[in-house]
Every structure is written in structure tokens, then in C-alpha cells.
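S.K.: Provide a 3D model corresponding to the input given below.
(one chain, ligands or ions: 1)
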Amino acid sequence: MNFKKRLTLSPFLLILCGCAFLFYHTDELAVYESDHFVIYYTNDSKISSHIKSTSQSLEQDLDWLCDLLQINNNLTIDIYIYLTEEDVPYEQTLQSTFSSGVSDGLKIIVCYESLKYSISLLKEVIIHEYMHVIQYTKFVLLNIGIGEGFATFYQYIYHDKKDDGNYSYSGIFQFFINQVQLNQLSAQYHPEYLFSLDYLGFMNVNLSTLDSDRHNHYFLSASFVCYLVDQYGVGLLKEWFNQTNKNNFIQHFNQAYPQSFYEVQSLWIEKVNSLL
Ligand SMILES: [Zn+2]
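M.R.: As a prediction, the model looks like this:
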């Protein structure tokens, strides 16, 4: 695709894919502030009756996750919770489904209707997007595949912890592989390939229909991040993430880890294939 066409399509695809956002506004929105969040929300009882408890619980959950990630979180970010898709400003001109995304690396935008008005899903999605904020601001990780793997992995750790107070890496790894709609891995699903993709490639967008089939990409990337944290801990993961993009991720990996990217990838492929 040439650059001009890509530029024309980009705003549509970003919304369709739900991981970036261009416009937001604060008119007619109510505000609730806590230590790490300024939450702007559509002033409707469906949301407003839950805002205080949701914010308090998110503050605690975030503390727990930042301890797990061994990071000092001094960020305060804006979260925009819109009630319906019509309330999301950009949706007024588009007919596509938007659930959540991050704008400017620091603002989280969520559509409550797309999350079936579920508070527990709302919190999970905010945690997922917050992991993107952390990866941009704390690690300067600019690799879409690794970033989605990281955010999805910690979203599910949070999900597991929430259910019964506990989580297990092997259980989460198994869960990710159970979600994958394949019998065997081909090269197009290896981390080497997934992490070399740009935004449109990773979101697997069909340019004729603008449909996005990213299901396997998300879960396989998340399983690779899970495998690394299980084998080597979170410290090396953060070292790998430092200033990493789609051109230098193998070189940065080899500098951070005791085994090479290709050695670890082979072990991961073996493990995934044994579970498929
Ligand atoms: Zn994401």
C-alpha cells in the first residue's frame, strides 16, 4: 500500500482496531479524581453510580500490578468513559465498533456499551490500556506486537487474581493457547514475524472490508511474554523493552537475555505446538 492511501485509511483503521484515538472532549462530562486517575464520564446513572467504587478498586489493583512489575508508578492519567458508541466523539462520523484505546500515550478512552455495561469488564479493559500507558512512558516500548502481548498478559493475570486471589503462569499460558484457532504453528505466527509487523499488519486488517482478524496474534504474543516472565522473571522483560521497536527487538533481546531470541523462540514453539 502506498503511503498516501495508508494515511487516508489510518484514522478509520485506528478506531476499528480499538488501540488508538484521535479526538476526545470534556464537554458535558462529569469528573472524578483519585491518586492515579482523573475519570471523565458520561453523567448517567449506569456509570455514575459505580464511579467511586470502580476508581477505588482500580487504585488498589494498579498498586498490586505495579508491585508485580516492580515499578514506581507516579503517573496520573485521564480516563474517558463514554456510555454509548454515539457518545464517543469520533464515533459520530464512523460506523464501526469501538471498545477502548489509548490516545497520546496518556489518555484512556472506553465505551461502556461495547463492554456490555459490565463493571468487571470495564476494569479489565482499563487495566489492559493502562499497561499500554506504562509501556510507552516507563519503558519507551514502541513495538505493537510485544506491547499487545504485554498488555494482554497482565490483563489476564489481573483477571485470574480477581477471580480467586491467585494466578499461575502455566494456567495463563494454557489459557492463551486454548484461545488460539490453529492446529499447528506456521512461521507467520512465530514471534520473529509477529514482532516485526507494523500496526496494520499486527491488527491483521483486511483492507477491502476493514475487518480486523487479530485474535491469534494477541494470544500468541501474550503467551510469549508469559513464557519469558515465567522462565526469567519480569526484570529481564523490562530490560528487553527499553527503547525497543520493530527493527531492534531481536538485538535488544539478545543483549537482555542469557539465551538468544532464536533459542528461546524455538523452545516456545515447541511448547505451544505440544498444547495445540
Ligand atoms: Zn491493547
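
S.K.: who are the packing partners of the helix or strand containing residue 31?
M.R.: In the assignment (DSSP states H and E), residue 31 maps to strand 29-33. Contact partners of strand 29-33 among helices and strands, from 3 or more Cβ pairs under 8 Å, 6 or more residues apart in numbering; DSSP states H and E: strand 37-42, helix 51-69. Placement of C-beta: from N, CA and C, glycine included.

S.K.: and the ion, which of those is closest to it?
M.R.: Smallest distance to the ion across the helices and strands packed on strand 29-33 (Cβ to the ion): 15.1 Å, for helix 51-69.

S.K.: name the residues of stretch 242-260 that are buried.
M.R.: 244, 246, 249, 250, 252, 253, 254, 256, 257 (16 or more other Cβ atoms under 10 Å).

S.K.: and the third one, how far is that from residue 240?
M.R.: As judged by Cβ to Cβ, to the nearest Å, residue 249 and residue 240 stand 8 Å apart.

S.K.: go on, residue 227?
M.R.: Applying Cβ to Cβ to residue 227 and residue 240 gives a distance of 13 Å.

S.K.: tell me which residue in the stretch 151-276 of the chain sits closest to the ion.
M.R.: For the stretch 151-276 of the chain, Cβ to the ion, closest residue to the ion: residue 151, 4.5 Å.

S.K.: what helix or strand is that residue on?
M.R.: Using DSSP H and E, residue 151 falls in helix 144-164.

S.K.: which secondary structure elements does that helix contact?
M.R.: Packed next to helix 144-164, using 3+ Cβ pairs under 8 Å, 6+ apart, are helix 51-69, helix 119-134, helix 169-179, helix 199-202, helix 215-232, helix 234-241.

S.K.: turn those into JSON lines, including mean pLDDT and distance to the ion.
M.R.: Formatted as JSON lines, the helices and strands packed on helix 144-164 follow (pLDDT from 0 to 100; distance: least, Cβ to the ion, whole Å):
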{"stretch": "helix 51-69", "mean pLDDT": "94", "distance to the ion": "15"}
{"stretch": "helix 119-134", "mean pLDDT": "94", "distance to the ion": "6"}
{"stretch": "helix 169-179", "mean pLDDT": "95", "distance to the ion": "15"}
{"stretch": "helix 199-202", "mean pLDDT": "91", "distance to the ion": "10"}
{"stretch": "helix 215-232", "mean pLDDT": "97", "distance to the ion": "8"}
{"stretch": "helix 234-241", "mean pLDDT": "97", "distance to the ion": "15"}
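
S.K.: quick one, domains of this protein?
M.R.: 9-127, 140-276 (automatic domain parsing).

S.K.: neighbours around the closest residue to residue 275 other than its chain neighbours, how many?
M.R.: In this structure, residue 275 finds its nearest non-sequential neighbour in residue 177, 4.3 Å apart by Cβ to Cβ, 6 or more residues apart in numbering. Residue 177 has 20 neighbours, counted by other Cβ atoms under 10 Å.

S.K.: cool, and residue 72?
M.R.: 8.

S.K.: what's the closest non-adjacent residue to it?
M.R.: residue 66 (7.4 Å).

S.K.: same thing with residue 83?
M.R.: Nearest one to residue 83, counting by Cβ to Cβ, 6+ apart, is residue 42 at 3.9 Å.

S.K.: hmm, the one you found is touching residue 82, no?
M.R.: Yes - counting by Cβ atoms under 8 Å, residue 42 touches residue 82, with 5.5 Å between them.

S.K.: between the two, what contacts are shared?
M.R.: Shared contacts of residue 42 and residue 82 (Cβ atoms under 8 Å, 6 or more residues apart in numbering): residue 112.

S.K.: so which of these two has more stuff around it?
M.R.: Under the criterion of other Cβ under 10 Å, the comparison of residue 42 against residue 82 puts residue 82 first, with 24 against 20.

S.K.: how confident was the prediction at the more buried one?
M.R.: For residue 82, the pLDDT comes out at 91.
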